[in-house]
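**Q** Sequence first, then the predicted structure:
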Amino acid sequence: MRWTLRLGRVAGIPIQVHATFLLLVAWVAWIYWRIDPTITSVRDGVVFLLVVFGIVVLHELSHALTARAFGVGTTDITLLPIGGISRLERQPERPHQELLVALAGPALNYVLAAVCLAVLLARGPATPEALLPGQSFVADLLWVNVALGTFNLLPAFPMDGGRALRAGLSMVTTRVRATRIAAFLGKVMAAVFVVVGLMWSPVLALIGFFVWLAASAESATADMQRAMEGLAVRDAMITEVQTVAPTDPLASPVHLMLSSFQQDFPVVEGQRIVGMLPQEALLEGLVRLGHAGPVSAVMAREFQAALPEEDLFEVAGRLRGRARRCLPVVRDGALLGVVTIDNVAELLRVHAALEARPGGMRVTRALLPAGSSTGTSGGEPPRPAAPAPGAWSLTEPRQPPPSR
Ligand SMILES: [Zn+2]
């Protein structure tokens with residue numbers, strides 16, 4: 001995320017704050033100044049805000065450390081004016097793990113609320129009034145924690161309650177269907193937040209706006225996952241690929257780039273792939289070395305690759321996540337083809353077109369023409385004959401993916 005300030009690391013997880021958070025600090029200071037124009041009042045207001053965001057960090061760490069227990073890392077935790085966001089490397093696949101990760105944050109708030117309550121009771125004869133917000137710092141913290149825990153448990157996917165709901169639904173239906181239901185409910189809740197927020201709280205309206213965007217993105221991902229259900233990398237692999245040799249001058253990929261749609265070139269020596277030459281590296285090489293410079297001087301020797309049998313949805317996630325256009329498909333060091341984000345997008349468009357037909361078909365491996373899935377090299381095992389183009393068979397809608 002841009003415009004962020006790194007605060008430090010906790011348990012190896014970078015904690016950062018978005019620059020707009022400073023606006024919130026200024027706004028709170030101003031609100032307190034208007035109520036009571038003294039330095040003490042402003043200081044108390046800002047300190048309370050920072051303590052609340054300290055609690056938000058603990059809430060996010062609770063998610064992150066629970067995810068870590070299931071082998072899922074956290075890229076970073078970012079504080080925004082509307083709350084905290086932990087970027088998990090991925091969502092845990094198993095529903096009960098996702099449920100525990102989602103509930104870990106609110107659970108921590110209830111534990112902190114219980115600690116505050118215990119402190120208040122230990123202080124002396126407990127009158128009901130002493131527990132009310134505004135009576136003491138600890139009483140305020142008690143209610144902040146109850147509010148944070150409860151608000152996050154609202155079923156506004158992808159907030160915690162919505163994620164817990166999705167996990168629960170995943171136990172009785174498919175994950176994709178569970179996501180769709182949770183995302184729909186998330187959008188309904190987001191609309192409620194915006195309407196209620198416009199009347200009482202601009203921050204709530206802003207949260208509603210972001211929940212709407214996030215729910216839409218999650219539901220688009222679920223659609224993508226359903227479109228790719230049962231498809232492997234080889235089903236969306238481009239096999240007509242131009243390659244270059246490490247000893248070639250840069251002029252040759254330039255020529256290939258200008259005479260085709262291809263932008264990134266696998267670098268092949270004999271039968272083996274030894275590097276990748278993305279367009280940016282090629283252009284940068286041209287600046288440094290001119291068109292006679294060798295490919296080997298600018299190619300990336302460390303590169304990610306996909307296996308032909310890998311799940312297409314997972315690999316598409318890797319393509320999108322790293323803003324990479326193209327991954328080579330490799331077996332035993334030999335190049336079989338490439339998979340590109342554009343080709344995956346085309347597959348999704350085909351899926352959308354088929355689904356719009358009466359009866360709602362979907363792309364299945366049986367629908368893919370034979371030519372789209374045969375490798376260029378002999379390394380691929382023989383595949384069952386698919387129907388020839390033009391003889392596509394209609395499959396039942398919502399058919400489970402063919403087992404591989
Ligand atoms: Zn949370």
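**A** Right, received. Where do you want to start?

**Q** For the residue of the stretch 151-300 of the chain at minimum distance from the ion, which non-adjacent residue is closest in space?
**A** Closest residue of the stretch 151-300 of the chain to the ion, C-beta to the ion: residue 160 (4.0 Å). Glycine gets a C-beta too; all of them are placed from N, C-alpha and C. Using C-beta to C-beta, 6 or more residues apart in numbering and skipping residues adjacent in sequence, the residue nearest residue 160 is residue 152, 4.2 Å away.

**Q** Can you pull up the most central residue in the chain?
**A** Central residue of the chain (C-alpha atoms, centre = their mean): residue 90, 6.7 Å from the mean position.

**Q** So what's the residue count around the nearest residue to it once chain neighbours are set aside?
**A** Nearest non-adjacent residue to residue 90, counting by C-beta to C-beta, 6+ apart: residue 72, 6.1 Å away. Residues lying near residue 72 (other C-beta atoms under 10 Å) number 18.

**Q** Then residue 72 would be within a helix, right?
**A** No. Residue 72: not assigned to a helix; according to DSSP: H, G, I helix; E, B strand; the rest coil it is coil.

**Q** which residue packs closest to residue 102, ignoring adjacent ones?
**A** residue 163 is the one closest to residue 102 (C-beta to C-beta, 6+ apart), at 3.8 Å.

**Q** List the contacts of the one you found.
**A** Contacts for residue 163 (C-beta atoms under 8 Å, 6 or more residues apart in numbering) come out as 91, 98, 101, 102, 157, 182.

**Q** Which helix or which strand is home to residue 27?
**A** Using DSSP states H and E, residue 27 falls within helix 20-35.

**Q** which strands and helices sit next to that helix?
**A** Using 3 or more C-beta pairs under 8 Å, 6 or more residues apart in numbering; DSSP states H and E, the elements in contact with helix 20-35 are helix 39-69, strand 74-80.

**Q** Flag the shaky bits of the stretch 51-200 of the chain, pLDDT-wise.
**A** 125-126 (pLDDT under 70).

**Q** The ion contacts on that one?
**A** 105, 152, 160 (C-beta under 5 Å from the ion).

**Q** Turn those residues into TSV, columns for secondary structure and neighbour count.
**A** As requested, those are arranged in TSV below (DSSP: H, G, I helix; E, B strand; the rest coil; neighbours: other C-beta atoms under 10 Å):
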residue	secondary structure	neighbour count
105	helix	26
152	helix	23
160	helix	25
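
**Q** all strands for this structure, in order.
**A** 4-10, 13-18, 74-80, 83-88, 265-269, 272-277, 326-331, 334-340 (DSSP state E).

**Q** mind listing what's buried in stretch 278-292?
**A** When burial is assessed from 16 or more other C-beta atoms under 10 Å, stretch 278-292 yields the following buried residues: 278, 281, 282, 285, 286.

**Q** Kindly report the same for stretch 298-311.
**A** Result for stretch 298-311 [16+ other C-beta under 10 Å]: buried residues 298, 299, 303, 305, 306, 308, 310, 311.

**Q** Who are the contact partners of residue 20?
**A** Contacts of residue 20 by C-beta under 8 Å, 6+ apart are 3, 80, 81.

**Q** Looking at these, which one is closest to the ion?
**A** Once C-beta to the ion is applied, the member of those that ends up nearest the ion is residue 80, at 12.9 Å.

**Q** so what's residue 15 up against?
**A** Counting by C-beta under 8 Å, 6+ apart, residue 15 has contacts 6, 7, 8, 9, 57, 76, 77, 79.

**Q** re the thing from before, thought residue 59 was touching the residue nearest to residue 160, still the case?
**A** Yes. Using C-beta atoms under 8 Å, residue 152 is in contact with residue 59, at 7.5 Å.

**Q** which neighbours do those two share?
**A** Contacts common to residue 152 and residue 59, judged by C-beta under 8 Å, 6+ apart, are 105, 106, 109.

**Q** measure the last one to residue 93 for me?
**A** Remark: distance between residue 109 and residue 93 (C-beta to C-beta, to the nearest Å) = 26 Å.

**Q** out of those two, which sits in the busier spot?
**A** Higher neighbour count among residue 109 and residue 93: residue 109, with 25 against 11, using other C-beta under 10 Å.
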